[in-house]
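> pasting the sequence and the predicted model now:
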Amino acid sequence: MIQHGMTPTQPPSPPSPPVMIYRPNAEQQVGAGRGTFIWGLVLAAIGVVLTLALWPIGFIANSATGNSVRFPLGLGPWMLGGFIPLFVGRALILGYVILRPNPSQAPPAPPHYPPYDAGSDASLPPVATAPSASTDDGGQP
């Protein structure tokens, strides 16, 4: 095309970037970290249930094997199935408690400005007033 004196057409412009959605910061969010707390409670509850369900396996193994294998307090490697979710849940709850915003601290108040009073504003030059037509001596100049 260039050899024939024609300029190639311009490629189409790239699409415009997506519109940014306003997201408030963590201090403005109502439930900041509440999801972390709920997941911590759920995981901790699952861990407690699994720990209590798996604990009898240690006593059964102790009585079945006699004195060859002893698991103190019935705790064995199978207990990890309950301990892992229990302690992950406790870590999430602890993280929520440590990192949550302090409820006693109110967000900073916007600055307070006194109402505008035109008569007391010393930063503006005085307004020039026109002399009045009437005077105290009866209108005589």
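In hand now; what should we look at?
> shouldn't Leu52 be in contact with Gly82?
Yes. Counting by Cβ atoms under 8 Å, Leu52 touches Gly82, with 7.5 Å between them. For every residue, glycine as well, the C-beta is placed using N, CA and C.
> with neighbour numbers in mind, choose between the two.
Set Leu52 next to Gly82 and count neighbours by other Cβ atoms under 10 Å: Gly82 wins out with 19 against 10.
> list of residues touching the helix or strand harbouring the more buried one?
Taking DSSP states H and E as the definition, Gly82 sits inside helix 80-99. Here helix 80-99 makes contact (Cβ atoms under 8 Å, 6 or more residues apart in numbering) with 33-34, 36-37, 39-55.
> okay, and which of those map to helices?
34, 36-37, 39-55 (DSSP state H).
> can you tell me which of the residues you listed are buried?
Among the ones in helices among the contacts of helix 80-99, those classed as buried by 16 or more other Cβ atoms under 10 Å are Phe37, Gly40, Leu43, Ala44, Gly47, Leu50, Thr51, Leu54, Trp55.
> tally of neighbours for the closest residue to Ile46 other than its chain neighbours?
The shortest distance from Ile46 to any non-neighbouring residue, by Cβ to Cβ, 6 or more residues apart in numbering, is to Pro85 (4.9 Å). By other Cβ under 10 Å, 20 other residues sit near Pro85.
> Pro85 and Ile57, how far apart?
17 Å (Cβ to Cβ, to the nearest Å).
> now stretch 74-87 - C-alpha only, PDB.
The C-alpha coordinates for stretch 74-87 follow below in PDB (Å, rounded to 0.1, in the frame of the first residue of the first chain):
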ATOM      1  CA  GLY A  74      -5.000 -42.200  74.000                       C
ATOM      2  CA  LEU A  75      -3.300 -39.600  71.800                       C
ATOM      3  CA  GLY A  76      -1.800 -40.900  68.600                       C
ATOM      4  CA  PRO A  77      -1.100 -39.700  65.000                       C
ATOM      5  CA  TRP A  78      -4.800 -40.000  64.100                       C
ATOM      6  CA  MET A  79      -5.500 -37.100  66.400                       C
ATOM      7  CA  LEU A  80      -3.900 -34.700  63.900                       C
ATOM      8  CA  GLY A  81      -7.200 -35.000  61.900                       C
ATOM      9  CA  GLY A  82      -8.900 -33.100  64.800                       C
ATOM     10  CA  PHE A  83      -6.000 -31.000  66.100                       C
ATOM     11  CA  ILE A  84      -5.200 -29.300  62.700                       C
ATOM     12  CA  PRO A  85      -8.600 -27.800  62.100                       C
ATOM     13  CA  LEU A  86      -8.900 -27.000  65.900                       C
ATOM     14  CA  PHE A  87      -5.700 -25.000  66.000                       C
END
